[in-house]
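Colleague: Provided below for reference: sequence and predicted model.
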Amino acid sequence: MTVRVRYAPSPTGHQHIGGARTALYDLIFAKSLGGEFVLRIEDTDQERSKLEYEESMLEDFKWLGLEFDEGPHKPKNHGPYRQSERIDLYKELAMQLVSENKAYPCFLSSAELEELTAKAEGEKKAPHAYHDKYASLDPAEAKARMDKGDEYVIRFRNPQKEVKFTDMVRGEVKFFPDMVGDFVILRANGFPVYNFCCVVDDWKMEITHAFRSEEHLNNSLRQILLYEAFNAKMPTFAHLSMLVGEDRKKLSKRHGATSVRQYKDQHYLPAALLNYLCLLGWSHPKEQDIFNVFDLVEGFDASRFNKSPALYDIQKLNFFNEQHLRALSEEDLLAHALEALPEESKFRNQPLEWQNKCLSVFKEKMQLITELDELTAVLFKEGASDEEDYKEAMSWETTPKIQEYIKAELQKLSSAGTPFATEELVGEWMNYLKKELGIKGKPLFMGARACLTGQAHGPDLKGIVALTPLEILLSRF
RNA sequence: GCUCCCAUCGUCUAGCCUGGUCUAGGACACCGCCUUUUCACGGCGGUAACAGGGGUUCGAAUCCCCUUGGGAGUACCA
């Protein structure tokens, strides 16, 4: 049997990073078993679901490099892939359950429902304790009311029995029945409810495995009950540990950047984001931390999931981005830079050779490519900084000598019409200053840096001097 | 209330299933030191954890129970 794994988001906002992690595991797991990766859109909440979000999610997945084999944008023979387009199927199956007496119509108005819930709560009972008021209504009478046009929902007749299942992450999980009552499967507006369509779809789409966040663990009870009612086989579930924020609560918008889109906009490397996300709740068999997640497809070890919630730490993500940035080829790094840099960046007007050199000098200083803009801006900045360290360096007694010598050298170059100094040349200057004038160590390097760059600190001196146009260098003297 | 899940350094985690090799390993962060000289990179080193209590056992981070703490759910949201 073909392994089919689905990712089933609701298009109610931009793609959340937690969902991206789930989808990543879905994909790796499916591919490691030669299976298929299916996208299903769970848009039965008409108020909140928007087509534009579906599109935005697809874009985000494309950016991440997570590719679906099937979905609304790529229909195969298990469609349609949007739940809103499968309503007839759900209705039909809900009615089938009614005819089998496994579900029943319920005519409770929302006011009555609230009243019953309050009553149950007052009596310290489960909120759903009285929701089964219409459970034993005579079917003929029920039909008469339905025909008459009374508003109704379909409730599942909960057999109230203990159920258990085996989870890929948690092992055997057992539920006792009083957790839920006779729950609704079809709303008054004719739309089905999550737990119902999820079951119908996984069944009809022949899904064999599904990864989802731990918050869904309790839903398994209702879903198992429904699978049994349909006499259908339940997919194997893996309930992943949740992603939490600083306060150890479920990661949400108030914790900061939680959508893939935000990282895309900040020009993180998708490979780095996936790598980091992958290690939240799963560990590499060889304890490797920097790797290409797609290499995992070869023999993915699904037994290495961690059960406890993982705290999302942006500092560590930044470290991963830094590592992936450094691992990029010259060509890829340049492409990444050009994509991220603002239009007006001075970097853009430079020759290719200069750009590559600049990247190799700055590479080690950046966690994010966007920092390059700031770094290069300093190269072209005329005048000097006003920080303490700079003033101090300029006040040393050796500094004027350095200044005088270098200025003369720069002018020589200038009159020869050379646009840039070279690293070798800067090295020669330093050697001259050291040997002939006896200046060394910090006074030499920081002094020269202050004169040449107008800053007290920065990346490799030779490197950045060689990257700065001669006229800018001269402007600082 | 009830149900379910979880519990190793500040954080992500390895180890737990198949008790001894764990005076608990790695990574992020932090702090030192070193590196033909500044900065950075790199290298080396350091601080830092088995929630608590009972068992079982010659021996427990590892198995069992309880307590505590945290989280999730108990919707005509997903």
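Modeller: Done, it's in.

Colleague: give me the neighbour count for residue A:102.
Modeller: Each residue near residue A:102 was counted by other C-beta atoms under 10 Å, and the total is 19. Where C-beta positions appear, they are placed from N, C-alpha and C, glycine not excepted.

Colleague: any idea how far it is from residue A:231?
Modeller: To residue A:231, residue A:102 is 10 Å away according to C-beta to C-beta, to the nearest Å.

Colleague: what's around the closest residue to residue A:247 other than its chain neighbours, how many residues?
Modeller: Ranked by C-beta to C-beta, 6 or more residues apart in numbering and with sequence neighbours excluded, the top spatial neighbour of residue A:247 is residue A:255, at 8.0 Å. Residue A:255 has 17 neighbours, counted by other C-beta under 10 Å.

Colleague: and what of residue A:356?
Modeller: Other residues lying near residue A:356 total 16 when counted by other C-beta under 10 Å.

Colleague: tell me the SS of it?
Modeller: helix (DSSP: H, G, I helix; E, B strand; the rest coil).

Colleague: got the domain boundaries for chain A?
Modeller: Annotated domains of chain A cover A:1-71+A:241-327, A:332-370, A:381-474 [automatic domain parsing].

Colleague: most tightly surrounded among the ones you listed?
Modeller: Mean neighbour count (mean count of other C-beta atoms under 10 Å) peaks for domain A:1-71+A:241-327 among these, with a mean of 18.

Colleague: end to end on it, go ahead and measure it.
Modeller: 39 Å (C-alpha to C-alpha, to the nearest Å).

Colleague: quick one: average pLDDT of that domain?
Modeller: Across domain A:1-71+A:241-327, the average pLDDT comes to 94.

Colleague: how far is it from where the chain is centred?
Modeller: In terms of C-alpha atoms, centre = their mean, to the nearest Å, the centre of domain A:1-71+A:241-327 is set 5 Å apart from its chain centre.

Colleague: quickly check: it near RNA strand B or not.
Modeller: Yes: Domain A:1-71+A:241-327 lies within reach of RNA strand B by C-beta under 7 Å from any atom of the strand, at A:8-10, A:42, A:44-45, A:48, A:241-242, A:244, A:247-250, A:279-281, A:283, A:287, A:289, A:304, A:306-311, A:313, A:315-316, A:319.

Colleague: my read is that residue A:184 contacts residue A:154, right?
Modeller: Yes: the pair residue A:184 / residue A:154 is scored as a contact, 7.0 Å apart, by C-beta atoms under 8 Å.

Colleague: those two: who's more crowded?
Modeller: Using other C-beta under 10 Å as the criterion, residue A:184 and residue A:154 rank with residue A:154 on top: 23 against 20.

Colleague: at contact distance from RNA strand B, anything in the helix or strand harbouring that one?
Modeller: Residue A:154 belongs to strand A:153-156 when elements are defined using DSSP states H and E. Yes: using C-beta under 7 Å from any atom of the strand, we find that strand A:153-156 touches RNA strand B at residue A:153.

Colleague: please list the residues of the stretch 51-200 of chain A that sit near RNA strand B.
Modeller: Neighbours of RNA strand B within the stretch 51-200 of chain A, by C-beta under 7 Å from any atom of the strand: A:108-110, A:113, A:117, A:124-128, A:131, A:151, A:153, A:170-171, A:173-176, A:178-181, A:183-184, A:187-189, A:191, A:193-195.

Colleague: from the residues you listed, which land in strands?
Modeller: Among these, the ones falling in strands (DSSP state E) are A:153, A:171, A:173, A:174, A:175, A:184.

Colleague: just curious, which of the residues you listed is nearest to residue A:353?
Modeller: residue A:171 (58.7 Å; C-beta to C-beta).

Colleague: could you report the pLDDT at that closest one?
Modeller: At residue A:171, pLDDT is 90.

Colleague: show me what it is bridged to.
Modeller: Counting by DSSP bridges, residue A:171 is bridged to residue A:167.

Colleague: show me where chain A has its strands.
Modeller: In chain A, the strands defined using DSSP E lie at A:4-7, A:36-39, A:103-106, A:153-156, A:163-167, A:171-175, A:184-186, A:209-213, A:236-240, A:243-244, A:310-311.

Colleague: which non-adjacent residue is nearest residue A:360?
Modeller: Excluding its sequence neighbours, the residue lying closest to residue A:360 (C-beta to C-beta, 6+ apart) is residue A:330, at 7.5 Å.

Colleague: what mean pLDDT does stretch A:391-406 have?
Modeller: Taken as a whole, stretch A:391-406 carries a mean pLDDT of 85.

Colleague: if we can go back for a sec, in ChimeraX, how would I select just the buried ones from the residues of the stretch 51-200 of chain A next to RNA strand B?
Modeller: To isolate the buried members of those in ChimeraX, using 16 or more other C-beta atoms under 10 Å:
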select /A:108,113,117,128,131,153,170,173,175,180,181,183,184,187,191,193,194,195
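
Colleague: show the contacting residues for the closest residue to residue A:42 other than its chain neighbours.
Modeller: Nearest-residue entry for residue A:42: residue A:10, 4.7 Å, with adjacent residues in sequence omitted and distances by C-beta to C-beta, 6+ apart. By C-beta atoms under 8 Å, 6 or more residues apart in numbering, residue A:10 lies in contact with A:41, A:42, A:43, A:45, A:48, A:49.

Colleague: wait, the fifth one touches residue A:42, no?
Modeller: No: in terms of C-beta under 8 Å, residue A:48 does not count as a neighbour of residue A:42; the distance is 10.9 Å.

Colleague: next, give phi and psi for residue A:342.
Modeller: phi -70, psi 160 (degrees, to the nearest 10).

Colleague: let me see the confidence value for the closest residue to it other than its chain neighbours.
Modeller: Excluding the flanking residues, the one nearest residue A:342 by C-beta to C-beta, 6+ apart is residue A:373, at 6.3 Å. At residue A:373, the model reports a pLDDT of 88.

Colleague: repeat for residue A:383
Modeller: We have a pLDDT of 69 for residue A:383.

Colleague: contacting residues for residue A:219?
Modeller: Listed by C-beta under 8 Å, 6+ apart, the contact set of residue A:219 reads A:194, A:195, A:198.

Colleague: go again using 6 Å as the cut-off
Modeller: By C-beta atoms under 6 Å, 6 or more residues apart in numbering, the contact set of residue A:219 is residue A:195.

Colleague: in the stretch 351-477 of chain A, where is pLDDT below threshold?
Modeller: A:383 (pLDDT under 70).

Colleague: write out the residues of it neighbouring RNA strand B.
Modeller: Taking C-beta under 7 Å from any atom of the strand as the contact definition, the stretch 351-477 of chain A meets RNA strand B at A:364-365, A:430-431, A:434, A:440-442, A:444-446, A:449, A:457-461.
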